[in-house]
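>>> below is the sequence, then the predicted model.
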Amino acid sequence: MDRANTIAAISTPPGAGGIGIVRVSGGDSLRHLRAIFQPHAGSCSFDSHRLYYGKIAHPESRKVLDEVLVVYMAAPKTYTREDVVEIHCHGNYLGLQSILELLLFLGVRLAEPGEFTKLAFLNGRIDLTRAEAVIDILSARTRKGMDMALDQLGGSLYDRVDLIRGSLVRMRAIVEVAIDFPDEDIDIIDHPALLTQLSEEIASPLARLLAQADQGKIFREGISVVIVGLPNVGKSSLLNTLLQEERALVTAIPGTTRDTIEEYLDIHGVPVRIVDTAGIRQNADEVEAMGIERARKQIEQADLILFMLDAARGVEEEDKQLFESVRHKPLLLLANKADIADQQESVEQFVAECDDVPFLQISAKQHQNIDALKDTIFAIVVGSKDQWQEEGCAPNVRHKDALQRAVAAAALLQEGLEMFTTSDLLAIDLQECLDQLNAIVGVTTTEDVLDVIFEQFCLGK
Ligand SMILES: Nc1nc2c(ncn2[C@@H]2O[C@H](COP(=O)(O)OP(=O)(O)O)[C@@H](O)[C@H]2O)c(=O)[nH]1
Ligand SMILES: [Mg+2]
């Protein structure tokens with residue numbers, strides 16, 4: 001009996017809630033549960049996957065720690081594939097903490113972050129892409145992001161990688177036969193056929209997956225959009241309109257916004273961090289100047305700048321100077337106050353001068369063209385919506401890195417086939433390509449890579 005191999009953690013977040021759950025996994029789970037659980041019915045059979053009502057009490061002092069529901073789940077049909085016990089308590093962290101401490105006192109070990117999911121992976125219940133999907137489900141900021149993660153948990157990424165692996169394995173079998181019969185090398189390998197297979201079943205699907213990695217990053221991590229413009233053009237009004245709440249102060253007095261304000265917005269499933277800045281101008285007082293300094297920092301980190309003009313005031317020299325200072329960033333030009341656009345001409349002239357920058361007329365106050373603004377932001381950062389929805393797969397940074405290496409190996413393989421290279425050399429590139437895909441699904445993944453992955457989890461998952 002290896003005591004240290006039974007682990008426990010509080011699986012619900014800190015703070016008060018309706019219920020809180022202590023989770024235990026390992027061969028001694030049931031034994032410990034029996035020691036601390038007093039069933040309401042006097043005794044219970046602990047049938048697997050059944051909920052029992054009772055109390056948790058200290059085995060020696062008999063002190064009751066909480067009134068609970070407990071469930072014992074027998075291996076292997078559990079999250080970790082080991083015996084699992086869950087204790088559903090009142091959602092007070094003090095109560096949860098004392099039950100966890102009691103388990104530790106009995107010899108259970110405190111689980112590391114992500115250890116339950118790591119066990120699910122190590123015990124072969126899920127592959128590595130599915131384990132990573134669990135992280136994404138827990139951290140998704142939009143419904144769309146969560147749906148994508150659920151697809152990945154369902155095997156969307158695994159299946160696509162596995163198809164390519166299958167093709168590589170078939171190709172390797174042919175090449176290995178050729179290695180065994182070196183004299184008949186040329187006859188065994190049908191070069192044109194392998195080139196077609198390489199292109200259709202390996203290189204193209206790899207390229208498609210790689211293309212989706214960038215979109216995956218956007219949906220997973222989101223983007224940062226910063227509203228920039230002179231004081232009083234309507235930046236804070238736009239932030240409020242986008243958020244549909246009065247988040248930032250709006251007044252007719254220039255210099256009202258003195259600090260940067262940021263909030264999250266869901267634009268067609270992309271988590272967008274939208275930042276309202278202090279209007280950048282000369283002759284600002286000390287506090288406003290500090291706000292302007294912060295605005296500059298936000299601008300440098302931004303994925304997209306919404307550069308706002310005031311169509312009622314028109315474009316002045318100071319607008320142009322400010323525009324030049326952000327010209328190096330991805331830009332969307334907005335002419336605000338379309339409802340009272342008295343200086344339409346000067347705006348149109350300015351827009352004509354920078355014809356490579358996308359442009360929209362809006363009214364932040366009257367909510368004009370706000371949907372078009374969201375669509376445009378989405379189109380600039382993601383591309384067309386239809387293109388995305390076709391294939392619901394989102395490789396993460398780790399997958400992307402491996403995919404790039406696999407693509408490079410596939411290119412070498414193609415070159416080798418075209419030049420009738422010897423089979424043993426072809427086999428090297430084939431294996432490299434396969435190794436990279438194996439790393440994605442976790443067939444060959446080193447311990448330190450696994451550590452990095454599971455460290456991203458919170459405690460109790
Ligand atoms: N008519 C009109 N006024 C607006 C519009 N957007 C903002 N304003 C007004 O312009 C003034 C400055 O707005 P504010 O959002 O504080 O500008 P900021 O300094 O750029 O943040 C306020 O009086 C707003 O009510 C708009 O679309 N139309
Ligand atoms: Mg403002």
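Arrived safely. Ligands and ions are numbered 1, 2, ... in the order given.

>>> when you work out contacts or count neighbours from here on, use the C-alpha atoms and nothing else.
Will do.

>>> R23 contacts S29, correct?
No. Between R23 and S29 there is no contact under CA atoms under 8 Å: 9.5 Å.

>>> who touches both of those two?
84-85 (CA atoms under 8 Å, 6 or more residues apart in numbering).

>>> kindly report the residues of the stretch 251-400 of the chain close to ligand 2.
T257 (CA under 5 Å from the ion).

>>> all helices for the stretch 251-400 of the chain, in order.
All helices of the stretch 251-400 of the chain, identified by DSSP state H, counting those that start in this stretch, fall at 286-301, 317-325, 344-353, 370-382, 385-390, 397-418.

>>> just checking, what packs against the longest one?
Same thing as helix 397-418. In terms of contacts (3 or more CA pairs under 8 Å, 6 or more residues apart in numbering; DSSP states H and E), helix 397-418 is packed against helix 191-197, helix 204-221, helix 423-441.

>>> could you pull up the mean pLDDT of that helix?
Here helix 397-418 scores 96 as its mean pLDDT.

>>> look up how far E288 lies from whatever residue of the stretch 101-250 of the chain ends up closest to ligand 2.
Using CA to the ion, the closest approach of the stretch 101-250 of the chain to ligand 2 is made by S236 at 4.1 Å. Taking CA to CA, to the nearest Å as the measure, S236 falls 15 Å from E288.

>>> please apply the same query to S156.
From S156 to E288 the distance is 50 Å (CA to CA).

>>> which secondary structure element contains Q97?
For Q97, the host element (DSSP states H and E) is helix 93-105.

>>> thinking again about what came up before, closest to D136 out of the helices of the stretch 251-400 of the chain?
helix 397-418 (12.5 Å; CA to CA).

>>> just the closest residue of the stretch 251-400 of the chain to ligand 2, please.
For the stretch 251-400 of the chain, CA to the ion, closest residue to ligand 2: T257, 4.1 Å.

>>> tell me, how many residues neighbour that residue?
23 (other CA atoms under 10 Å).

>>> ok, now which ones touch it?
By CA under 8 Å, 6+ apart, T257 lies in contact with 236, 248-249, 277-279, 288.

>>> in this structure, where's the longest helix?
helix 156-180 (DSSP state H).

>>> can you give me the mean pLDDT across it?
For helix 156-180, mean pLDDT rounds to 94.

>>> figure out how far it is from the centre of its chain.
29 Å (CA atoms, centre = their mean, to the nearest Å).

>>> winner for burial among the helices of the stretch 251-400 of the chain?
Per-stretch averages of neighbours, counted by mean count of other CA atoms under 10 Å, single out helix 397-418 among the helices of the stretch 251-400 of the chain, with a mean of 19.

>>> what's the domain layout of this structure?
Following automatic domain parsing, the chain resolves into domains at 3-111, 134-218+396-455, 222-388.

>>> closest to K118 out of those?
For the domains of the chain, proximity to K118 was assessed by CA to CA; domain 134-218+396-455 is nearest, at 6.7 Å.

>>> what's the closest of the helices of the stretch 251-400 of the chain to ligand 1?
helix 370-382 (10.6 Å; CA to the nearest ligand atom).

>>> and the angle from the closest one to helix 204-221?
Orientation of helix 370-382 against helix 204-221 (axes from the mean of the first three to the mean of the last three CA atoms, to 10 degrees) gives an angle of 130 degrees.

>>> who are the packing partners of helix 370-382?
Applying 3+ CA pairs under 8 Å, 6+ apart, one finds that helix 370-382 contacts helix 204-221, strand 261-267, helix 385-390.

>>> need the winner for burial among those.
The highest average neighbour count among the helices and strands packed on helix 370-382, using mean count of other CA under 10 Å, belongs to helix 204-221 at a mean of 20.

>>> kindly export it (C-alpha atoms) in PDB.
Extracted in PDB, the C-alpha atoms of helix 204-221 (Å, rounded to 0.1, in the frame of the first residue of the first chain):
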ATOM      1  CA  SER A 204      -1.700  20.000 -46.800                       C
ATOM      2  CA  PRO A 205      -3.400  19.000 -43.600                       C
ATOM      3  CA  LEU A 206      -0.300  20.100 -41.700                       C
ATOM      4  CA  ALA A 207      -0.400  23.500 -43.400                       C
ATOM      5  CA  ARG A 208      -4.100  23.900 -42.600                       C
ATOM      6  CA  LEU A 209      -3.500  23.100 -38.900                       C
ATOM      7  CA  LEU A 210      -0.700  25.500 -38.800                       C
ATOM      8  CA  ALA A 211      -2.800  28.300 -40.300                       C
ATOM      9  CA  GLN A 212      -5.400  27.700 -37.600                       C
ATOM     10  CA  ALA A 213      -2.800  28.000 -34.800                       C
ATOM     11  CA  ASP A 214      -2.800  31.800 -35.200                       C
ATOM     12  CA  GLN A 215      -6.500  31.900 -35.000                       C
ATOM     13  CA  GLY A 216      -6.400  29.600 -32.000                       C
ATOM     14  CA  LYS A 217      -4.100  32.100 -30.300                       C
ATOM     15  CA  ILE A 218      -6.500  34.900 -30.900                       C
ATOM     16  CA  PHE A 219      -9.500  33.000 -29.500                       C
ATOM     17  CA  ARG A 220      -7.600  31.700 -26.600                       C
ATOM     18  CA  GLU A 221      -5.600  34.700 -25.500                       C
END
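
>>> any low-confidence regions in the stretch 301-450 of the chain?
Scanning the stretch 301-450 of the chain for pLDDT under 70 picks out the ranges 384-392.

>>> 80 - rerun?
Within the stretch 301-450 of the chain, the set of residues satisfying pLDDT under 80 comprises 341, 343, 355, 383-393.

>>> so which residues on it come close to ligand 1?
336-337, 339-340, 363-366 (CA under 6 Å from any ligand atom).

>>> tell me which two of the residues you listed sit farthest apart.
By the measure CA to CA, I340 and A364 form the most distant pair in these, at 11.6 Å.
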